[in-house]
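Participant: Dropping a prediction and its sequence here:
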Amino acid sequence: MESYINMEQPYYDSNQYNTNTTNSMAPRNIRSIKAAARGQLFGNYSPIIGCGLLLFLIQQILGSVFSNMLMIRSGAVQYIIYYAAMIIISMLVIFFQAGLYRMHLNAAAGQPVTSKDLAFAVRHNPNRFLISGLILTLISFLFQIPESILSMHLLKAMNDMGFTAVEVPQVPAIQTIRIAAICTLIGLILYILLMLRFALVLFLLVENEHMEAKEAFSLSFRLMKGNTGRLFGLMISFIGLWILGLLSFGIGYLWILPYMKQALTVFYEGL
């Protein structure tokens with residue numbers, strides 16, 4: 001790690017995360033991390049919100065096209081096309097999210113935050129971001145398999161019962177649903193733990209133009225060793241805001257999600 005960082009000149013001085021109010025020591029506790037994040041976002045919300053909203057709308061529009069196709073006609077071929085399309089769409093969203101990470105890093109450094117950074121990955125060895133996006137997407141889809149199995153069994157049980165029937169499903173069906181539910185819970189826990197270890201991948205790729213995807217995953221895994229609990233605690237601290245986002249019919253997430261990602265940026269700097 002040390003030899004690699006010595007070879008690469010960082011894009012910005014990571015000690016400038018909040019030059020107006022702090023010294024060179026990056027904040028480490030949750031309260032100070034969130035306070036630094038709010039200070040860094042002041043005056044920078046507009047381009048970050050605009051680009052984040054654009055990515056969300058593109059993802060939803062493209063996803064709905066293939067979802068409607070599956071509703072019109074379902075079959076093995078249609079399912080293959082649907083899941084292949086979802087993987088590609090998710091991979092491309094992660095690819096352009098690298099630009100949002102660049103914006104957050106610029107905000108942390110006190111540098112200009114502009115919407116043109118959304119295309120950052122296109123201009124800086126894009127293959128690294130495409131590979132990373134594919135890996136992160138496949139991990140997500142892999143851990144969704146137990147949930148899909150559980151949903152199918154629940155749907156089958158409901159169809160067997162009928163919406164007005166009062167019969168209890170057969171014991172084998174209940175056992176199958178229980179097993180699927182346990183597998184879903186275990187898969188969710190493993191997914192959260194794994195994604196916490198890979199939370200720094202895009203930051204590392206954005207800051208080090210010559211770092212390959214494999215190196216970024218490996219370095220993120222090592223940096224997060226002993227820090228996953230801290231990051232999980234940081235993310236959990238936003239639960240109240242998530243509830244407010246739901247109560248605002250999702251509108252609040254326009255500000256909540258950038259706030260969370262900026263807090264993650266401060267956390268990354270602290271490492």
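Facilitator: Ah, there it is. Predicted model only: the values in this text are computed from it and were never measured. Numbers count the residues shown, from 1 in each chain.
Participant: which residue ranges form the helices in the stretch 51-200 of the chain?
Facilitator: 76-109, 120-123, 126-161, 171-197 (DSSP state H, counting those that start in this stretch).
Participant: what does the average pLDDT come to for the first one?
Facilitator: In other words, helix 76-109. Averaging pLDDT along helix 76-109 gives 92.
Participant: Point out the other helices and strands that it packs with.
Facilitator: Secondary-structure packing of helix 76-109 (3 or more C-beta pairs under 8 Å, 6 or more residues apart in numbering; DSSP states H and E): helix 30-41, helix 45-72, helix 120-123, helix 126-161, helix 201-207, helix 253-270. Bear in mind the C-beta positions are built from the backbone N, C-alpha and C, glycine included.
Participant: Name the next helix or strand following the fifth one along the chain.
Facilitator: So the one you mean is helix 201-207. helix 213-223 (DSSP states H and E).
Participant: Just name the shakiest helix or strand of this structure by mean pLDDT.
Facilitator: Lowest on mean pLDDT, DSSP states H and E among the helices and strands of the chain sits helix 2-7, with a mean of 42.
Participant: quick revisit: just name the most buried of the helices and strands packed on helix 76-109.
Facilitator: helix 201-207 (a mean of 25; mean count of other C-beta atoms under 10 Å).
Participant: Mean confidence (pLDDT) on that helix, please.
Facilitator: Mean predicted confidence for helix 201-207 is 96.
Participant: Could you give the separation of it from the chain centroid?
Facilitator: 14 Å (C-alpha atoms, centre = their mean, to the nearest Å).
Participant: hey, C-alpha coordinates of it in PDB?
Facilitator: Only the C-alpha atoms of helix 201-207 are listed here, as PDB (Å, rounded to 0.1, in the frame of the first residue of the first chain):
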ATOM      1  CA  VAL A 201     -13.400   0.800  -4.300                       C
ATOM      2  CA  LEU A 202     -14.700   3.800  -6.400                       C
ATOM      3  CA  PHE A 203     -12.900   6.300  -4.200                       C
ATOM      4  CA  LEU A 204      -9.600   4.500  -4.800                       C
ATOM      5  CA  LEU A 205     -10.100   4.200  -8.600                       C
ATOM      6  CA  VAL A 206     -11.100   7.900  -8.800                       C
ATOM      7  CA  GLU A 207      -8.000   9.100  -6.900                       C
END
